[in-house]
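1. just to be clear, the model below is a prediction. Sequence and coordinates:
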Amino acid sequence: MFNLISIIKLTVLLIIVIVSAAYISLIERRLLALVQHRYGPNRVGPYGILQVIADMIKMLFKEDWTPKFSNKYLFNIAPIISFIYILPIFIIIPVTTNIFLSKLDIGILLFLALAGISIYPIILASWASNSKYAILGAVRAVAQVISYEIFLGLSIMGVVVKSKSFNLIDIVESQKHLWNIVPQFFGFINFFMASLAICHRHPFDHPESEQELVSGYHIEYSGIKFSLFFIGEYISIIATSAMIVTIFLGGGYGPILSSYLWFIIKLIFCIILFILIRASLLRPKYDHIIAFSWLVCLPISLVNLLITVFVCLLSR
C-alpha cells in the first residue's frame, strides 16, 4: 500500500511540474510583453490562459520531421533525455520539513550529478543532427557548462559546511532563524548565475543564440521533439528555482503564512526573476562569459568557502 501511495504522489508531482512548466512559457511571454509595452498572448481564452493548450495542439500536429542525414536513434533519444533528466530532483526537494517524498542524505550530490547530465542531450542532439550550426551550439554549451558547473558546486559547499549535511531537509532546518542568503550572499549570487548558465537562460543562452546559430543545437528539430526540449528548459528553471529556495531562502520558513505557501511564494519569485533578467539584460560576447566564470566567479566561490570554513572553526 505504501508503494502505491508513493507512486500516486510521484505521478501527481510530475503532472504538476510538467503543467507548471508549460504555463511558465505563457507567464514569460506575458511578462516580456509587459516590459516591452505590448499585449502578448491574449486571444485564446480569458487573458490568453488557453494559449498553452493551443501551442500544444500546434506542436502535436506539426510534421515530426527527421532529417535523412541524421543519426535517427540518437536524434530521437536526445529530446527524451532532455525532458526527463532533471525530474528526479523533485523527489528530494522538501516543500517543508514535513512535506517531502524522499529524505536522501546525499541530496546536494544528486542535484550536482543531474546538473552534469544536462550537457549530454545537447551533445547527442547536435551530433545526431549532423548540422554545423548544431555542432557550434554544442561546443558552446560544453564549454559553458564545464565553466559554470565548477562553481555551481563550490557555491553550495559553504552551505554544506554551515549546516554540516548534504541532506536538503537538514539544510532547510538550519535556516530556521536566519536564511542562508545572508551569511552566504556571495554563494547565492554565484549559484544563481550558474543556474542561469546551466539552464541556458539569457544572458547565458549562447548555445542557442538565434542571431548567430539560428537556434543552435535543436535547429533540426520540430513538432513533439522540439516541444520536449522547450518544456525541458522550463522544468530546469523550476528545479533550479526550487533548489535556490531550499538552499538559500529558508525553504518553507517565513512569518504568518503556512510553510508550503511561503515555499510557493519564494519559488514564484525566483521564476519571475529568471524571466525579468531575460527582459532587462543584453547578451554579452561569448568569450566574456567564459572569462567571467574563471576570473571572477571561481575566485569568489573559493574565497567564500574558505571564509565559511574559517568562521565555522572559530565558532566551535
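-> Okay, I see it.
2. drop to CA atoms for contacts and neighbour counts, all remaining ones
-> Noted.
3. got the contact list for stretch 229-245?
-> For stretch 229-245, the external contacting residues (Cα atoms under 8 Å, 6 or more residues apart in numbering) are 17-18, 21-22, 24-25, 79, 82-84, 86-87, 89-90, 93, 188, 191-192, 195, 199, 218, 251, 263, 266-267, 270-271, 274.
4. ugh, wrong one, stretch 193-210
-> Against stretch 193-210 from outside (Cα under 8 Å, 6+ apart): 115, 118, 136-141, 144-145, 148-149, 151-152, 213-218, 233, 236-237, 240, 274, 277-278, 281-284, 286, 289.
5. dump it to CSV, keeping only the CA atoms.
-> Provided in CSV are the C-alpha atoms of stretch 193-210 (Å, rounded to 0.1, in the frame of the first residue of the first chain):
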residue,chain,number,x,y,z
MET,A,193,24.4,32.9,-12.1
ALA,A,194,25.5,29.3,-12.5
SER,A,195,21.8,28.2,-12.6
LEU,A,196,21.2,30.7,-15.5
ALA,A,197,24.2,29.2,-17.3
ILE,A,198,23.2,25.6,-16.8
CYS,A,199,19.6,26.3,-17.9
HIS,A,200,21.0,28.3,-20.9
ARG,A,201,18.9,31.2,-20.0
HIS,A,202,19.6,34.8,-21.1
PRO,A,203,22.2,36.2,-20.9
PHE,A,204,23.9,32.8,-21.0
ASP,A,205,21.9,31.5,-24.0
HIS,A,206,24.8,31.4,-26.4
PRO,A,207,24.3,27.7,-27.2
GLU,A,208,21.0,28.5,-28.9
SER,A,209,21.6,32.1,-29.9
GLU,A,210,19.1,32.8,-32.7
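6. give the rounded mean pLDDT of that stretch.
-> Averaged over stretch 193-210, pLDDT sits at 80.
7. 59 is where my numbering starts, stick with that
-> That works, and once the first residue is 59, the last one we named lands at stretch 251-268.
8. tell me which residues of that stretch are tucked away?
-> When burial is assessed from 16 or more other Cα atoms under 10 Å, stretch 251-268 yields the following buried residues: 251-267.
9. select the longest helix from this structure.
-> When the chain is scanned for its longest helix (criterion: DSSP state H), the result is helix 60-93.
10. and stretch 187-199, how far from the chain's centre?
-> Put simply, stretch 187-199 sits 21 Å off its chain's centre (Cα atoms, centre = their mean, to the nearest Å).
11. which other residues reach that stretch?
-> 125, 127-129, 133, 177, 180-181, 183-185, 264-266, 271-272, 274-278.
12. where in this structure is pLDDT low?
-> Applying pLDDT under 70 to the chain flags residues 59-60, 268-272.
13. which elements pack onto whichever strand or helix holds residue 361?
-> Assessed by DSSP states H and E, residue 361 sits inside helix 356-372. Applying 3 or more Cα pairs under 8 Å, 6 or more residues apart in numbering; DSSP states H and E, one finds that helix 356-372 contacts helix 190-221, helix 243-256.
14. in stretch 239-252, what's buried?
-> 239, 241-242, 244-252.
15. ok, stretch 194-205 next?
-> Quick answer for stretch 194-205 (16+ other Cα under 10 Å): 194-200, 202-203, 205.
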